[in-house]
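**Student:** the sequence and its predicted three-dimensional model are supplied below.
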Amino acid sequence: MELRRTPLYDRHVALGARMVPFGGWEMPVQYEGILAEHRAARAGAGAFDVCHMGELELRGPGALPFLQQALTNDFSSLAAGRCRYSLMCAPDGGILDDLVVYRTGEESWMVVVNAANTPADVAWLTGLPRDGCSLDDRSAATALIAVQGPGSPTLLRGLLRADHAARLAALRYYAFGTFELFGVPMLISRTGYTGDAGFELCFAREAAGPVWDQLLAAGAVPVGLGARDTLRLEAGFCLHGHDISPQRNPIEADLPRFVSLAKGDFVGREALARAAEAGPAEKLVGLEVVGRGVVREGYPILHGEARVGTVTSGSYGPSVDRFIAMGYVRADLAEVGTELAVEVRDKPVPCRVAARPFYRPG
């Protein structure tokens, strides 16, 4: 299958990025290097091309009831100008995708979904009963750039006119507003995937190149997928297809807070209610490596000589200066501090269950 390219592809190549396949797209994995980019994002402001993500627009009086039926979280209390993380589950409770829902008006919404899942998500949502609600896939017309790191608020405020800079400064976490940056109208949300201060800029796709150029000229450092992964792992955020998947439910994935059983019926509710009542056989946990060894996805997790789980994500965490991981372990071994091991090249490497996030800013 031919890989798709974002509108910033040529700019990545010009910057010397190493391009790799990712979810059906050709994306930059690194520019200067993963470690340097990770540290730049933690110290200043990193710019991330996330134009491959999917943006779905819902409109009409039936939009809220549709979202309540299709997704696990409760959106009845969500005010315009706010957004909320949620999961989309199959009838058996398996996680089809994780996403962010923006309430853009009384009867208008935007749903940002994972790039690799966009076609399947659109097909799934289109197949659900939908009365009084239009569903429009706006992905091909939309650009999304993330600016993340402790320097991102100062950088963006310095580029906005005074009244817009003041409104940006007042944005709470998981809130958004409409702004004009470099003459481009855009939605800016205080959201991100790094666990640090940051924003995501959503605007018309044809403006992606000029906006990217001017962000870099203002001091933002381009960051590729490699550092994006180490940043999100330090923050303890799940990656769909790895830490969460259709083979795992939110109870196992330690995400029950994003499942509202009290709101009434929704796809997967019955299965999730049963899972919550029974308790999970396995649970997603953080792991802190205390021995010497590089822990990667798919490695067995051991308790004594018995295999009790599997690593789903693992890497060196530059900001915490140790190897960290996430994985599923037997629920009776999921308490923080439990001593375990990961099998690396046929040898057990000591680790322990650790609280997430591994990294906390400031």
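**Tutor:** Right, received. Where do you want to start?

**Student:** quick one: secondary structure of Ala166?
**Tutor:** For Ala166, the secondary structure call by DSSP: H, G, I helix; E, B strand; the rest coil comes out as helix.

**Student:** measure how buried it is and give me the count.
**Tutor:** With neighbours defined by other CB atoms under 10 Å, the count for Ala166 comes to 11. The way it works is simple: take the backbone N, C-alpha and C, and place the C-beta from them, glycine included.

**Student:** Gly60 too?
**Tutor:** For Gly60, the count of nearby residues is 17 (other CB under 10 Å).

**Student:** how about the nearest residue to it, chain neighbours excluded?
**Tutor:** Nearest residue to Gly60, sequence neighbours excluded (CB to CB, 6 or more residues apart in numbering): Cys133, at 4.4 Å.

**Student:** show me what contacts that neighbour?
**Tutor:** With contact taken as CB atoms under 8 Å, 6 or more residues apart in numbering, Cys133 is in contact with 58-63, 65-66.

**Student:** what segments of the stretch 151-300 of the chain are strands?
**Tutor:** In the stretch 151-300 of the chain, the segments counted as strands under DSSP state E, counting those that start in this stretch are 176-181, 184-189, 198-204, 221-222, 282-289, 300-303.

**Student:** so which bits of the third one are buried?
**Tutor:** Looking back up the chat, that one is strand 198-204. Residues of strand 198-204 classed as buried by neighbour count (16 or more other CB atoms under 10 Å): 198-203.

**Student:** ok, the second one next?
**Tutor:** When neighbours are counted by 16+ other CB under 10 Å, the buried residues of strand 184-189 are found to be 184, 186-189.

**Student:** for the residue nearest to Ala207 when sequence neighbours are not counted, give me its contacts.
**Tutor:** Taking CB to CB, 6+ apart as the measure, Ala207 lies nearest to Val184, with 4.6 Å between them; neighbours along the chain are not counted. Contact criterion CB under 8 Å, 6+ apart gives 203-204, 207, 210-211 as the residues in contact with Val184.

**Student:** for the closest residue to His52 other than its chain neighbours, give its distance to Val294.
**Tutor:** If you skip the residues right next to it in sequence, His52 has Ala115 as its closest partner in space, 3.9 Å away by CB to CB, 6+ apart. In this structure, Ala115 and Val294 are separated by 27 Å, where distance is defined by CB to CB, to the nearest Å.

**Student:** ok, those two, which is more surrounded?
**Tutor:** Residue environment comparison for Ala115 versus Val294 gives the larger neighbour count to Ala115, 21 against 15, counting by other CB under 10 Å.

**Student:** residues in contact with the more buried one?
**Tutor:** Taking CB under 8 Å, 6+ apart as the contact definition, Ala115 lies against 22-25, 52-54.

**Student:** still on that earlier bit, check the gap between the residue nearest to Ala207 and Val211 for me.
**Tutor:** Using CB to CB, which is the criterion applied here, Val184 is 6 Å from Val211.
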